[in-house]
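fold the following, please.
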Amino acid sequence: MANSVSPYTIDNLPYGVISTKDKPKKRCAVAFEDSAIDIDLLYHEGFFSSIAELKDNVFAHGNWNAFAVLPAGVRTAFRGLLKSGIADGSVQKAMVPLASVQNHLPMHIHNFSDFYCSLEHTKNCSDVFNLTIQPNWFKMPSVYNGRTSSLAVSGTPFHRPCGMYPDSRGSDQISFKPESHMDYELEMGVWLSRPVPKGQRVKIANAHDHIFGLTLLNDWSARQIQGFEMPPLGPFHSKGSCTTVSSWIVPIEALEPVRCERKTKQEPAPPPHLTWQEDDKATFDIDLNLTLLRDGTSYTLCESNLNELHWTPYQQIAHLSAAGEGLSPGDVFGTGTISSPRTNADGERIGLGCLFERNLPNARLKSMPSDLVDTFLKDGDEIILQGWCKDKASGKVILGFGECRGKILPAIVD
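As a prediction, this is how the structure comes out:
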């Protein structure tokens with residue numbers, strides 16, 4: 001995608017939290033082209049006074065949680081007023097250059113969960129381990145509870161984690177040392193709005209009403225640590241070092257034009273409470289790509305699309321609430337690695353969403369560093385995710401998600 005195209009179009013107006021050197025307090029902002037619109041400033045100048053439901057300052061806490069729970073009509077009115085203010089120039093006084101802001105996590109996060117919902121990814125991982133996909137994978141979206149402390153906004157570097165795993169020379173010795181096989185996972189983050197009280201659950205027909213918006217998400221994975229700690233309870237430290245999310249939540253209202261059917265067919269059919277009936281438009285047409293930046297050179301490692309997941313975001317929300325645990329505004333979940341069976345012009349498997357899958361035969365790219373699959377990511381490597389939505393008829397860009405960027409620093413070994 002050309003760099004000249006701004007992801008933050010008038011049809012996007014995504015939500016973030018910023019601070020600046022002259023105003024270090026965190027505050028809500030909306031991105032438009034190359035500027036951040038300071039919503040806190042506009043509020044205190046009475047810009048939103050025509051919206052009665054915004055009489056109380058829902059932006060006072062430096063996050064979007066209180067705004068997210070407002071009725072959809074109020075959020076739509078808010079967006080309409082901002083668009084008018086952009087058109088007539090009345091928000092100009094609140095615009096801050098994006099280059100001068102520091103971004104922060106856009107919501108106060110209560111819970112983070114991570115799914116395992118790409119059939120292509122699951123097949124590939126099972127093939128690497130010479131395992132069979134368990135029957136329950138096709139009956140419900142697989143998911144585990146993550147650590148909210150791992151979440152970091154785009155641009156935040158992190159240290160290579162240390163952990164326990166077997167000695168590489170084949171002995172039965174277990175070492176505690178820096179991870180040797182650091183990996184990325186191309187995902188999207190789904191941010192929730194309306195709460196669900198404990199003891200209640202979301203009907204899948206209403207799942208759309210509980211989505212505040214989407215971001216990009218990179219669920220960094222320490223593969224050696226993961227391989228040793230997984231049985232019998234699943235990942236812990238291997239997924240706890242960092243989970244990078246893009247800075248701006250693209251609102252569900254902006255994504256309405258790209259709602260679509262999933263590419264995969266669900267066989268066997270899911271149970272009734274996970275069956276979506278409305279023309280099956282339970283996902284979104286979002287083109288995704290992942291780039292490695294190493295020593296000043298860029299390598300495209302993956303191209304995929306959210307609509308290629310087997311289990312959709314609506315089904316994931318219904319499953320998250322199915323046992324009655326409740327949901328909170330600001331809860332976020334990762335969709336799981338979004339791998340695709342697609343190939344590039346050279347017939348190579350460009351759709352693989354993590355390095356681990358490239359251990360399979362014929363899964364390497366000629367254009368990638370020759371040692372990448374063997375060494376995985378090195379200190380100093382930077383991974384950049386991007387996502388774009390286009391008009392189906394014209395091919396014109398409607399909106400983008402910006403960058404989800406993270407860099408690996410050397411392990412702390414003291």
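
okay, now Arg342: neighbour count?
Neighbours of Arg342 under the rule other CB atoms under 10 Å: 17. C-beta here means a position set from N, CA and C on the backbone, and glycine is covered the same way.

and for Phe78?
Phe78: 22 neighbours (other CB under 10 Å).

part of a helix, is it?
Yes. Per DSSP: H, G, I helix; E, B strand; the rest coil, Phe78 lies within a helix segment.

sec struct for Ile18, please.
strand.

hmm, it is touching Ser35, no?
No. Here Ile18 does not reach Ser35: they are 10.7 Å apart, not a contact under CB atoms under 8 Å.

so if I had to pick from the two, which one is more boxed in?
Taking neighbours as other CB under 10 Å, Ile18 and Ser35 compare with Ile18 leading, 28 against 22.

quick one: that one and Ile133, what's the gap?
Separation of Ile18 from Ile133 (CB to CB, to the nearest Å) stands at 43 Å.

what of Ser19?
From Ser19 to Ile133 the distance is 46 Å (CB to CB).

tell me the domain ranges of this protein?
The chain resolves into domains spanning 15-104, 112-409 when parsed by the TED database.

so which of those is nearest Val5?
Among those, the nearest to Val5 by CB to CB is domain 112-409 (5.3 Å).

what's the span of that closest one, first residue to last?
Using CA to CA, to the nearest Å, the end-to-end distance of domain 112-409 comes to 24 Å.

could you list the low-pLDDT ranges of the stretch 51-200 of the chain?
Scanning the stretch 51-200 of the chain with the threshold set as pLDDT under 70 gives 168-171.

what is the burial count for the nearest residue to Asn111 once chain neighbours are set aside?
Closest residue in space to Asn111, ignoring its immediate chain neighbours: Asp331 at 4.6 Å, by CB to CB, 6 or more residues apart in numbering. Residues lying near Asp331 (other CB under 10 Å) number 25.

from memory Asp331 sits against Arg194, does it?
No. Using CB under 8 Å, Asp331 is not in contact with Arg194; the gap is 10.7 Å.

between the domains of the chain, which one is closest to Thr9.
Going by CB to CB, the one of the domains of the chain nearest Thr9 is domain 112-409, 5.1 Å.

now that closest one: how far from the chain's centre is it?
Centre-to-centre, domain 112-409 and its host chain are 7 Å apart (CA atoms, centre = their mean, to the nearest Å).

likewise stretch 32-47?
25 Å.

in it, which residues are buried?
Using 16 or more other CB atoms under 10 Å as the test for burial, stretch 32-47 gives Phe32, Ser35, Ala36, Ile37, Asp38, Ile39, Asp40, Leu41, Leu42, Tyr43, Phe47.

any chance of JSON lines for those residues, columns pLDDT, distance to Cys302 and secondary structure?
Listed next are those as JSON lines, based on pLDDT from 0 to 100; distance: CB to CB, whole Å; DSSP: H, G, I helix; E, B strand; the rest coil:
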{"residue": "Phe32", "pLDDT": "98", "distance to Cys302": "29", "secondary structure": "strand"}
{"residue": "Ser35", "pLDDT": "98", "distance to Cys302": "30", "secondary structure": "strand"}
{"residue": "Ala36", "pLDDT": "98", "distance to Cys302": "29", "secondary structure": "strand"}
{"residue": "Ile37", "pLDDT": "98", "distance to Cys302": "32", "secondary structure": "strand"}
{"residue": "Asp38", "pLDDT": "98", "distance to Cys302": "35", "secondary structure": "strand"}
{"residue": "Ile39", "pLDDT": "98", "distance to Cys302": "34", "secondary structure": "helix"}
{"residue": "Asp40", "pLDDT": "95", "distance to Cys302": "37", "secondary structure": "helix"}
{"residue": "Leu41", "pLDDT": "96", "distance to Cys302": "39", "secondary structure": "helix"}
{"residue": "Leu42", "pLDDT": "97", "distance to Cys302": "39", "secondary structure": "helix"}
{"residue": "Tyr43", "pLDDT": "97", "distance to Cys302": "40", "secondary structure": "helix"}
{"residue": "Phe47", "pLDDT": "97", "distance to Cys302": "41", "secondary structure": "coil"}
